[in-house]
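**Student:** model the following, please.
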Amino acid sequence: MADTLAALRSLMSSHSPPLHALIIPSEDYHQSEYVSARDKRRAFVSEFTGSAGLALITMDEALLWTDGRYFLQATQQLSDQWKLMRMGEDPPVDIWMTNNLPKDAAIGVDTWCVSVDTAQKWECAFAKKQQKLVQTTRNLVDEVWKNRLPAQANPVIVHPLQFAGQSVADKLKELRRKLVLGKARAIIITALDEVAWLYNVRGSDVSYCPVVHAFAIVTIDSAFFYVDKQKLSPEANSYMEENGIIVRDYGDVSSDVVLLASNQLTSCSSTKGSKGNPKIDVRNATYIGNSASHAVEFVNDLIWVDPGACCFALYSKLSADKVLLQQSPLALAKALKNPVEIEGLKKAHFRDGAAVVQYHVWLDKQMQEIYGASGYFMEAESTKQKKQLGTKRLTEVSVSDKLEEFRASKEHFRGLSFRTTSSVGSNAAIIHYKPEAETCAELDPNCIYLFDSGAQYLDGTTDITRTIHFGKPSPHEKSCYTAVLKGHISLGNARFPNGTNGQALDILARIPLWKDGLDYRHGTGHGIGSYLNVHEGPHNISFRPSARDVPLQVSMAVTDEPGYYEDGNFGIRIENVLIVKEGNTKFNFGNKGYLSFEHITWAPYQRKLIDVSLLVPEEIEWLNEYHAKCREILTPYLNKSEMEWLKKATEPIAA
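**Tutor:** Purely as a prediction, here's the structure:
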C-alpha cells in the first residue's frame, strides 16, 4: 500500500501540470454503482472494498470518504496511512479540498470516471480559490496497477421479448417522442442498465449485473451501439441489423460525440426508416410513427445528456449551450415495469422464496445436528459447548454457497444479483458485510444470523433479507427485531396520494425504532431491475434528499428493508420487494388518486424473534395473512418435509 501511494505521488509530481491532489472515484466510465474487477481502482488503492466511496491522495495525506453503511467496514479495512471521512459528519470532499489545498491547486481526476453533476459541483467549489480540476493525461491508477485484469470479451445476449415485454422498436419510438418534446435531436446514453434495457440485450461484464460495457447514441433517425465487436455473435449482429442499430467499436464513442456535436454523425441506414428507426422529418419537426403525425416546433437543437450518469469527459466534447442536462428519460421508463415484467418479477419471487425456505429447512437441521441448537422453533441454549475436532463446520461462506445451490436449481436462474451478505453475531452489525472463505466466522447457535441475498432470473431480479436465531434470543434482540418488523409492516401497508416521494415515506419504517432511540444508517428502499441491476433508480425510499426527486408511481418495484445494527453485537434487517399499485381507499381527497404496495417476496418471519406483546392487533392480522399466503404460494415448489416445516413456521399468531 505504501508503495502504491508513493508511485501515485511520483506520477502526480511529474504530471503536466503537477498535481496537488488526485481524486480516485469508485465509478467506471458509465458511473456504475457496481463495477467490474478491473475497474475497482479505488478499492485497489485503498483496500476498502465497499461499493461506495471516494479516495483523495495529496502529497502528504490519503483520505477515504464513504457513507454510513460502510463506516464500520472502512474502519476495519483501511490502514493507518488512510484517514476515514464520514459522509454526513465530516466536510464533503469538495469543501475539504477548497479549505485544505493551496490557492491555484491543480486537482487531477480521470474525467471518464466522474459525472457531469459531480465535476461541475467541484469546479464551482474550486473557483473560490482559483483551484482547477485537471483531466489527467491517462488514468494514473492504471499506470501503477501492474496486475490489473485485462478486458474480457463476454458475449452480448439478446433478451427475448417473452421476458422483456416490449420491443426495441417500441422503446426507440417512445424515446424519440421524448426527444422531440425535449427539443433534442439526440441523446447520449451511458448507464449500462439503460443501454441493456433499451436494446433488449444482457451480458456478464459486471459481476452480478447482467449488463454489457457499452454506450448508445440515439438520434432522431439513427441508433448506435458502442461495444467491443468481439462480443457480438453472428446472431447478435443480425439482431442489431434487424432493429436498425448501428454497431460501432466501444472506443469510437469519443470521436462520434465530437461528430454529433457538429451534426455530422450520420449513417447510410439512417434514412431507411427500418422498424427500429421510424423516420423523423427534422426540418418540419414532425414525428412519423404508426399513429397520426403531430408537429412539434424545434426551438433548440439540443443533445440530451443525463448529468448524473454521463461522464464529464464526453460532456466536455459538446457545446454547453447545446446540451439538455436532464435525467435520462430511460430511467423512469425502465422503472415503470410493463405487465410482462411485473408478472415475471412475481414468478421469479415465487421460485426464489421456495429456495429461501429450503435453505431455512436445511440450515435448521444442520444447526441442530452439528451444534446441538434448539433450532428455528424452540428457545434454548446450545446443548453442545464444543464440537469434536475434525467434525463438519458451518461457516458464513459454506452456508451461503448452499443457498446459492438451492437457487441454482430453479428455472431461469442466471446467477446471484449481488454477493451474499451471510453474517453471524458481530459481523451482522457490518451493514454490507461480505464474508471471505479464509477469514469468515463459523455459525454460532447462540448468535443472530442475518443473510441478505438475491438472484438473477431471466424473468426477474430478487433481493431478500431475513434475520434468524437458532438458540435463545435475548429480550433485547427480540425487542429490536420486533421494532424493525413493525417498521417493515408499517411501510408495506402504507397508503399515500399520487405524487408522494420516497423521502416522505421513509419515516414510516423508522418510527418504531425511534420510539426506543434506535435507527439505521442506510436507506429504506431501492428500485429493482427486471433481470437487470438489483439497485435501480430513479426512485428510492430514504432520508436522503435524492429520494425527493421522483414520486412513487404505479408499476414501480421497490424494496422495504429497515434494520438495526449494534456494533460488536448483532445486526437485524428484514427485506421484501414491493410493487406500487392503485390504493383502495374509502375517499379520494383532492381527486389525487391513492397508491399502496403489494408484497411479492415470500418467506416467513421467525416467530421466536418476535415479541408479540409489542404488536398491535392489525400487525398480527397482517402477519397471519402474509404467512397464509406464503403457504399457499410456496407449497407447490416444496417437498413434503419442507411443506411441513413451512406450515409450522407460518402458524397463526394468537392476537
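**Student:** quick one: low-confidence ranges for the chain?
**Tutor:** 1, 268-300, 384-390 (pLDDT under 70).
**Student:** 50 - rerun?
**Tutor:** 268-276, 278-298, 389 (pLDDT under 50).
**Student:** can you pull the contacts of the most centrally placed residue in the chain?
**Tutor:** The residue lying closest to the centre of the chain (CA atoms, centre = their mean) is His535, at 2.0 Å. For His535, the contact set (CB atoms under 8 Å, 6 or more residues apart in numbering) comprises Glu33, Tyr34, His526, Gly527, Ile528. Placement of C-beta: from N, CA and C, glycine included.
**Student:** tell me the contacts of the closest residue to the last one other than its chain neighbours?
**Tutor:** Read that as Ile528. Excluding the flanking residues, the one nearest Ile528 by CB to CB, 6 or more residues apart in numbering is Ala557, at 4.8 Å. By CB under 8 Å, 6+ apart, the contact set of Ala557 is 335, 337, 342, 345, 527-528, 530, 536, 577-580, 600.
**Student:** tell me the buried residues within those.
**Tutor:** Buried subset of the contacts of Ala557 (neighbour count, 16 or more other CB atoms under 10 Å): 335, 337, 342, 345, 527-528, 530, 536, 577-580, 600.
**Student:** so which elements touch the lengthiest helix in the chain?
**Tutor:** Across the chain, the longest stretch assigned as helix under DSSP state H is helix 339-371. Applying 3 or more CB pairs under 8 Å, 6 or more residues apart in numbering; DSSP states H and E, we find helix 339-371 packed against helix 161-164, helix 396-408, strand 455-457, strand 460-461, strand 464-469, strand 576-582, helix 617-634, helix 640-649.
**Student:** tell me which of the ones you listed is the most buried.
**Tutor:** Neighbour counts (mean count of other CB atoms under 10 Å) averaged over each of the helices and strands packed on helix 339-371 peak at strand 460-461, with a mean of 30.
**Student:** quick one: contacts of that one?
**Tutor:** Against strand 460-461 from outside (CB under 8 Å, 6+ apart): 341, 344-349, 417, 454-455, 528-534.
**Student:** which of these are buried?
**Tutor:** Buried members of the contacts of strand 460-461, counted by 16+ other CB under 10 Å: 341, 344-349, 417, 454-455, 528-534.
**Student:** hang on, the earlier thing: and the residue nearest to the centre of the chain, how far from Trp112?
**Tutor:** 22 Å (CB to CB, to the nearest Å).
**Student:** repeat that for Ala509.
**Tutor:** 37 Å.
**Student:** so which of those two has more stuff around it?
**Tutor:** Set Ala509 next to Trp112 and count neighbours by other CB atoms under 10 Å: Ala509 wins out with 27 against 19.
**Student:** quick check, the more buried one in a strand?
**Tutor:** No: going by DSSP: H, G, I helix; E, B strand; the rest coil, the assignment for Ala509 is helix, not a strand.
**Student:** what segments of the stretch 251-400 of the chain are strands?
**Tutor:** Using DSSP state E, counting those that start in this stretch, the strands of the stretch 251-400 of the chain run over 280-281, 286-287, 294-295, 302-305, 323-325.
**Student:** let's see the fourth one as CSV, backbone CA atoms only.
**Tutor:** Put plainly, it is strand 302-305. Output of strand 302-305 as CSV, limited to C-alpha atoms (Å, rounded to 0.1, in the frame of the first residue of the first chain):
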residue,chain,number,x,y,z
LEU,A,302,-30.1,20.1,-28.2
ILE,A,303,-28.2,16.9,-27.3
TRP,A,304,-29.8,15.2,-24.2
VAL,A,305,-27.2,14.3,-21.5
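**Student:** other SSEs contacting that strand?
**Tutor:** strand 184-189, strand 323-325.
**Student:** now with 10 Å, please.
**Tutor:** helix 168-181, strand 184-189, strand 215-219, helix 252-261, helix 312-315, strand 323-325 (3 or more CB pairs under 10 Å, 6 or more residues apart in numbering; DSSP states H and E).
**Student:** what is the nearest of the buried ones among the contacts of Ala557 to Val134?
**Tutor:** Distance ranking of the buried ones among the contacts of Ala557 against Val134, using CB to CB, places Glu536 first at 33.5 Å.
**Student:** distance of the closest residue to Thr66 other than its chain neighbours from Gly525?
**Tutor:** Once flanking residues are discounted, Thr66 sits nearest to Gly53: 4.0 Å by CB to CB, 6+ apart. As judged by CB to CB, Gly53 and Gly525 stand 22 Å apart.
**Student:** and Leu332, by the same measure?
**Tutor:** The separation that Leu332 has from Gly525, given CB to CB, amounts to 17 Å.
**Student:** can you pick out the residue with more neighbours from these two?
**Tutor:** Higher neighbour count among Leu332 and Gly525: Gly525, with 28 against 16, using other CB under 10 Å.
**Student:** the residue lying closest to Ser542 once chain neighbours are set aside: what secondary structure?
**Tutor:** Take Ser542 and drop its neighbours on the chain: the residue closest to it by CB to CB, 6+ apart is Gly523, 3.3 Å away. Each residue gets one of three states, and Gly523 gets coil by three-state DSSP.
**Student:** how many neighbours does Asp364 have?
**Tutor:** 18.
**Student:** also the one 3 residues further on?
**Tutor:** The burial count assigned to Met367 is 24, neighbours taken as other CB under 10 Å.
**Student:** was I right about it contacting Thr383?
**Tutor:** No: the pair Met367 / Thr383 is not scored as a contact, 11.6 Å apart, by CB atoms under 10 Å.
**Student:** what sits in contact with each of these two?
**Tutor:** Shared contacts of Met367 and Thr383 (CB atoms under 10 Å, 6 or more residues apart in numbering): Ala373, Ser374, Pro445.
**Student:** now the strands for the stretch 51-200 of the chain?
**Tutor:** Using DSSP E, counting those that start in this stretch, strands in the stretch 51-200 of the chain cover 54-58, 62-66, 83-86, 106-109, 132-135, 157-158, 184-189.
**Student:** can you redo those as a markdown table with distance to Leu318?
**Tutor:** Output for the strands of the stretch 51-200 of the chain, formatted as a markdown table (distance: least, CB to CB, whole Å):
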| stretch | distance to Leu318 |
| --- | --- |
| strand 54-58 | 25 |
| strand 62-66 | 29 |
| strand 83-86 | 33 |
| strand 106-109 | 19 |
| strand 132-135 | 15 |
| strand 157-158 | 31 |
| strand 184-189 | 8 |
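**Student:** so what are the domain limits for the protein?
**Tutor:** 1-144, 157-266+299-333, 339-379+391-647 (the TED database).
**Student:** may I see these organised as JSON lines, with distance to Ile653 added?
**Tutor:** As requested, these are exported to JSON lines (distance: least, CB to CB, whole Å):
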{"stretch": "domain 1-144", "distance to Ile653": "32"}
{"stretch": "domain 157-266+299-333", "distance to Ile653": "36"}
{"stretch": "domain 339-379+391-647", "distance to Ile653": "5"}
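**Student:** just to revisit the earlier point, quick one: the longest helix of the chain to chain centroid distance?
**Tutor:** 21 Å (CA atoms, centre = their mean, to the nearest Å).
**Student:** possible to save the helices and strands packed on helix 339-371 as TSV with distance to His432?
**Tutor:** TSV is the format used below for those (distance: least, CB to CB, whole Å):
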stretch	distance to His432
helix 161-164	29
helix 396-408	14
strand 455-457	18
strand 460-461	18
strand 464-469	12
strand 576-582	18
helix 617-634	27
helix 640-649	27
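**Student:** out of these, flag the one nearest Trp145.
**Tutor:** Closest among these, once you apply CB to CB, is helix 396-408, at 26.9 Å.
**Student:** show the subsequent helix or strand relative to that closest one.
**Tutor:** strand 413-416 (DSSP states H and E).
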